[in-house]
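Student: below: sequence and its predicted model.
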Amino acid sequence: MTDAEWAKVRGLLPVPGWLEGRGGQPEGYCHRQMIDAIRYLVAGGITWRAMPSDFPAWDRVYAFWRRWRDNGLISELHDRLRDRVREAGGRDAEPTAAVIDAQSVKAAASVPAATRGFDGGKKVNGRKRHLVVDTLGLLLAVTVTAASVTDRDAGRVLLARLRHRHWRVTRVWADGGYTGPLVDIARGLWQIALTVVKRSDGASGFTVLPKRWLVERTFAWLMRSRRLARDYEGRTDSAEAMIWWSMSMVMSRRLARQPH
């Protein structure tokens, strides 16, 4: 991170327990070094053991990343960055509308058979990333499943997470893969109006569809991180953590470009 970017991120970091009197020992490492090391891994697509010597030892960086994953600290930092980006754009910190979609990606040999599958529509053997983004394309909720899981089945889990994290969202746009009982379930359980944006029958080739292009742009942002070009993670929550890290990089860089 540049100094300007670190100035934006530093005040948004989760506060360690020992600073709030909740016990524990002070960290023996620099947070900026650890975060830079993780961002280097996500952006460059390297393995943990290939961490350059300029950063702390790879096992210490991995322990830091694992602690942030298990305690939800990366999603906490991500949400604070998203709130700042929305407010800088003249929006309320809490969104009221969102877009949902899924992306199938190939899985590496490190992905166990229990959490991988075959997407017959996309002809992809691997995993599927299910995202909900706001109208700026910023991530609100994510879940990673086997590629064989249908959008409707994963959509129930994803919308439940969305309602838990962002209770003000009342409208969600989706593609034709989310038609059926999910529309009624979303309205009855979570008071969410799930609106399906369908492709015109007469359209041929690539067509930009209203609202749906927002989440497609988010997928393009994620694919800039080479670690996400293929799924390498042994656990689905690790794959989700990598997505949180990638989006936090997108937002921190955007904040750093804004004038003081």
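Tutor: Great, that's in hand.

Student: show me where this protein has its helices.
Tutor: 3-10, 31-44, 58-70, 73-88, 151-165, 181-190, 212-222, 236-256 (DSSP state H).

Student: what about the ones you listed, which gets the closest to D101?
Tutor: With CB to CB, the closest approach to D101 among the helices of the chain belongs to helix 212-222: 4.2 Å. The way it works is simple: take the backbone N, C-alpha and C, and place the C-beta from them, glycine included.

Student: just want the angle from that closest one to helix 236-256.
Tutor: Angular relation of helix 212-222 and helix 236-256 on a 0 to 180 degree scale: 100 degrees, by axes from the mean of the first three to the mean of the last three CA atoms, to 10 degrees.

Student: need the contact partners of helix 212-222.
Tutor: 99-101, 103, 129, 131, 133, 135-139, 173-175, 197, 228, 243, 246-247, 250 (CB atoms under 8 Å, 6 or more residues apart in numbering).

Student: inside strands: which ones of these?
Tutor: Among these, DSSP state E puts 99-101, 103, 129, 131, 133, 139, 173-174 in strands.

Student: could you flag which of the contacts of helix 212-222 are buried?
Tutor: 99-101, 103, 129, 131, 133, 135, 137-139, 173-175, 228, 243, 246-247, 250 (16 or more other CB atoms under 10 Å).

Student: ok so, going back, quick check: the two most widely separated of the ones in strands among the contacts of helix 212-222?
Tutor: Farthest apart among the ones in strands among the contacts of helix 212-222 by CB to CB are R129 and W173. That separation is 17.7 Å.

Student: what about R224, how many neighbours?
Tutor: Using other CB atoms under 10 Å, R224 has 12 neighbouring residues.

Student: and the contacts of stretch 83-90?
Tutor: For stretch 83-90, the external contacting residues (CB under 8 Å, 6+ apart) are 8, 12, 92-93, 95, 134, 136, 138, 251, 254-255, 258.

Student: between these, which sits nearest L158?
Tutor: Once CB to CB is applied, the member of the contacts of stretch 83-90 that ends up nearest L158 is D134, at 14.2 Å.

Student: pLDDT score assigned to the closest one?
Tutor: Per-residue confidence (pLDDT) for D134: 96.

Student: pLDDT below threshold where in the stretch 151-260 of the chain?
Tutor: 199-208, 260 (pLDDT under 70).

Student: if we use 80, what do you get?
Tutor: Counting by pLDDT under 80, the stretch 151-260 of the chain shows low-confidence ranges at 198-210, 259-260.

Student: ok, A141 to R60 distance?
Tutor: 30 Å (CB to CB, to the nearest Å).

Student: pick out whichever of the two has more residues nearby.
Tutor: A141 (23 against 16).

Student: what sits against that one?
Tutor: Residues in contact with A141, defined by CB under 8 Å, 6+ apart, are 131-132, 158, 161-162, 165-166.

Student: cool, and L189?
Tutor: Residues near L189 by CB under 8 Å, 6+ apart: 160, 163.

Student: distance to F118 added to the contacts of A141, as JSON lines?
Tutor: Output for those, formatted as JSON lines (distance: CB to CB, whole Å):
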{"residue": "L131", "distance to F118": "21"}
{"residue": "V132", "distance to F118": "24"}
{"residue": "L158", "distance to F118": "21"}
{"residue": "R161", "distance to F118": "25"}
{"residue": "L162", "distance to F118": "27"}
{"residue": "R165", "distance to F118": "30"}
{"residue": "H166", "distance to F118": "32"}
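
Student: make a PyMOL selection of the buried ones in those.
Tutor: Buried residues within those, by 16+ other CB under 10 Å, are selected in PyMOL with:
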select buried, resi 131+132+158+161+162+166
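
Student: before we move on, back to that, looking at the helices of the chain, which is closest to A107?
Tutor: Closest to A107 of the helices of the chain, according to CB to CB: helix 236-256, at 9.4 Å.
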